[in-house]
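[1] Have a look at this prediction, sequence included:
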Amino acid sequence: MAAAPGVTERYFTRWYKPDVKGNLCEDHCILQHSNRICVITLAEAHPLLQNGKTIKSINYQISANCSRLQNKVSGKSKRGAQFLTELAPLCRISCSDGEEYTIYSCIRGRLMEVNENILEDPTILQEKPSTEGYIAVVLPKFEESKTITQGLLTQKEYEEVLLKRFNSTS
């Protein structure tokens, strides 16, 4: 008997952005809820989720003047939220092997929250990327909520990309 679908499978639609900013295999996953809220996570094929990677640090300080941790949202109109473009960096993740990965928003919208739990325990980012190990929550503008998925891949399309990638390396 198949296991019952989890919350993520039941209430969220998965969208994928492969090779973000031209970086091979650095794939991001956007979980879009029916209420238009989007959760930014790492796709299964991202190098950080592969065996042997140890996360040394996660930094939401994007530049000298911009820290995603300073994002304070209030009220019904979500005042104070930082506005993100598709290529806005959310955080930088450093690994013990010296590799550094920048995680991008992939969609336009207001930054609702960043996951501070992964700062204390970076392993949850690798163990549960679609649930407790998410990167950030973004709310697209209402008018744009139907069009934000343009340029993103469905689960089936993403699986085809992974298959092509696997076949080209073997």
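    Yep, that arrived.

[2] Could you use CA atoms for every contact and neighbour count after this?
    Noted.

[3] helix, strand or coil for the residue nearest to Cys38 when sequence neighbours are not counted?
    In space, and not counting its chain neighbours, Cys38 is closest to Gln32: 4.4 Å by CA to CA, 6 or more residues apart in numbering. Three-state call for Gln32 (DSSP: H, G, I helix; E, B strand; the rest coil): strand.

[4] beta partners for Gln32?
    Thr13, Cys38 (DSSP bridges).

[5] Please apply the same query to Ser63.
    Assessed by DSSP bridges, Ser63 has beta-bridge partners Cys66.

[6] Next, the buried residues of the longest helix anywhere in the chain.
    Longest helix in the chain, counting residues (DSSP state H): helix 155-169. By 16 or more other CA atoms under 10 Å, the buried positions in helix 155-169 come out as Tyr158.

[7] from the chain's centre, how far out does it sit?
    Its chain's average C-alpha position is 19 Å from that of helix 155-169, according to CA atoms, centre = their mean, to the nearest Å.

[8] who touches that helix?
    The list of residues contacting helix 155-169 from outside it, by CA atoms under 8 Å, 6 or more residues apart in numbering, reads Arg14, Trp15, Tyr16, Pro18, Ala45.

[9] what residues are up against Val39?
    Ile30, Leu31, Gln32, Tyr134, Ile135, Ala136, Val137, Val138.

[10] ok, the residue nearest to Cys38 touching Arg14?
    Yes - contact criterion CA atoms under 8 Å: Gln32 and Arg14 qualify, at 6.4 Å.

[11] Mind jotting down where the strands sit in this structure?
    Along the chain, counting by DSSP state E, strands occupy 12-17, 28-33, 38-42, 55-59, 61-63, 66-67, 83-84, 89-95, 100-104, 109-114, 136-139.
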